[in-house]
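In: Okay, structure incoming, though there's no sequence with it:
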């Protein structure tokens, strides 16, 4: 009997669960896409093999016996798991489910990846997406270690052309942000040398945005400020802007997030005499890994979003 129970087929479990739920053999047979005679023979064979009656036949229908109730309870759970397995597997193959892990630099996350994730969830809400926002160096290490399906980051000095599919994604502009009460908030075009004596906050040495600022100071013939708090946390930057006359180095995407509704922070961007430029970031996808359907769908949305951003930036540049 034990070996027989362990060898019960899904169709047998489904029939037991259906008879217990519906109480009529004909209804259970329809639910299992079987004829009533076939369902009757299958149920009779199971009772013979198990040596007990699972359902009592009455004029009003099928009544589950104590032995049948034990079997029906487990059958319901197993049938549910089989149905869920089918849904999960199908969702994985067609991209309507499954999981994706991606990473991006701050500008790429705000300008491209987050809008793409929201667009993906509008079509396939059951996809599990994990998003890391980090420096390009951290993202590249994670991508090489297999921690991400793809990233939006900068390449750095190493040649990855043989290992990665590289697709242009966008550019970040470096801006300087202060609170409205800052002494230079309403100044005309200012130079970096005029701002050296204030408290600053920017990313740590080695980050592309920090490197861009260092080059800009060097081109003006002066050193970076001595009073400097190093952080890449937008929350920490917001807290410092609220409580001090710090000058914050931010990307255009972060500035747009803070200054636009619904946040509309009481902050201003300094009018710089010379713009500070930073190298573009790319969509980076390993060539030796097969993307899941869900990851591919997100990647398609990211590429569309990046293309739209390039067009928008080009129009703005013309204007």
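Out: Received it, and whenever you're ready, just let me know what you need. Keep in mind the model is a prediction, meaning the values are calculated, not measured.
In: which stretches of the stretch 101-250 of the chain form strands?
Out: Counting by DSSP state E, counting those that start in this stretch, one finds strands in the stretch 101-250 of the chain at the ranges 128-133, 150-153, 164-170, 173-179, 200-202, 228-230, 247-251.
In: Regarding stretch 204-224, how distant is the last residue from the first?
Out: 12 Å (C-alpha to C-alpha, to the nearest Å).
In: swap that for stretch 211-226, please
Out: End-to-end for stretch 211-226, by C-alpha to C-alpha: 16 Å.
In: what's next to it, contact-wise?
Out: Stretch 211-226 has contacts (C-beta atoms under 8 Å, 6 or more residues apart in numbering) with 174, 191-193, 195-200, 202, 247, 249, 274, 276-279. The C-beta positions use only the backbone N, C-alpha and C, and glycine is treated the same way.
In: The same query, at a cut-off of 10 Å, please.
Out: 172-174, 176, 191-203, 205, 207, 210, 247, 249, 272-279 (C-beta atoms under 10 Å, 6 or more residues apart in numbering).
In: So for that stretch, mean pLDDT?
Out: Averaging pLDDT along stretch 211-226 gives 93.
In: That stretch: which residues count as buried?
Out: 212, 213, 216, 217, 224, 225 (16 or more other C-beta atoms under 10 Å).
In: go on, stretch 253-267?
Out: 253, 254, 255, 257, 258, 265, 267.
In: low-confidence ranges in the stretch 151-300 of the chain?
Out: Counting by pLDDT under 70, the stretch 151-300 of the chain contains no low-confidence range.
In: so where do the helices sit in it?
Out: With helices called from DSSP state H, counting those that start in this stretch, the stretch 151-300 of the chain shows them at 208-219, 234-243, 252-259, 293-318.
In: Distance to residue 61 for the ones you listed - can I get that in a markdown table?
Out: Putting the helices of the stretch 151-300 of the chain into a markdown table (distance: least, C-beta to C-beta, whole Å) gives the following:
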| stretch | distance to residue 61 |
| --- | --- |
| helix 208-219 | 73 |
| helix 234-243 | 63 |
| helix 252-259 | 63 |
| helix 293-318 | 44 |
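In: To residue 83, which of these lies closest?
Out: helix 293-318 (20.2 Å; C-beta to C-beta).
In: Which pLDDT value goes with residue 87?
Out: 80.
In: Counting neighbours, what do you get for the closest residue in space to it that isn't next to it in sequence?
Out: Excluding the flanking residues, the one nearest residue 87 by C-beta to C-beta, 6 or more residues apart in numbering is residue 97, at 7.5 Å. As a burial measure, residue 97 scores 20 neighbours (other C-beta atoms under 10 Å).
In: Please apply the same query to the one 3 residues further on.
Out: The tally of other residues near residue 100 (other C-beta under 10 Å) stands at 24.
In: Could you pull up the residues touching it?
Out: 117, 120, 127-131, 148-150, 291-299.
In: Now which of those residues would you call buried?
Out: Looks like these have 117, 120, 127, 129, 148-150, 291-299 buried, using 16+ other C-beta under 10 Å.
In: which of those residues are the two that sit furthest away from each other?
Out: 148 and 293, at 16.9 Å, using C-beta to C-beta across those.
In: Take the contacts of stretch 211-226 and, keeping just the buried ones, write it as a ChimeraX select command.
Out: The following ChimeraX line selects those of the contacts of stretch 211-226 that are buried, judged by 16+ other C-beta under 10 Å:
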select :172,173,174,176,192,195,196,198,200,201,202,203,207,210,247,249,272,276,278
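In: Dig out what the residue nearest the centre of the chain forms beta bridges with.
Out: Closest to where the C-alpha atoms of the chain average out (C-alpha atoms, centre = their mean) is residue 129, at 3.0 Å. Beta bridges link residue 129 to residue 100 when assigned by DSSP bridges.
In: I figured it was touching residue 104, is that so?
Out: No: Residue 129 lies out of contact with residue 104 (C-beta atoms under 10 Å); the separation is 11.9 Å.
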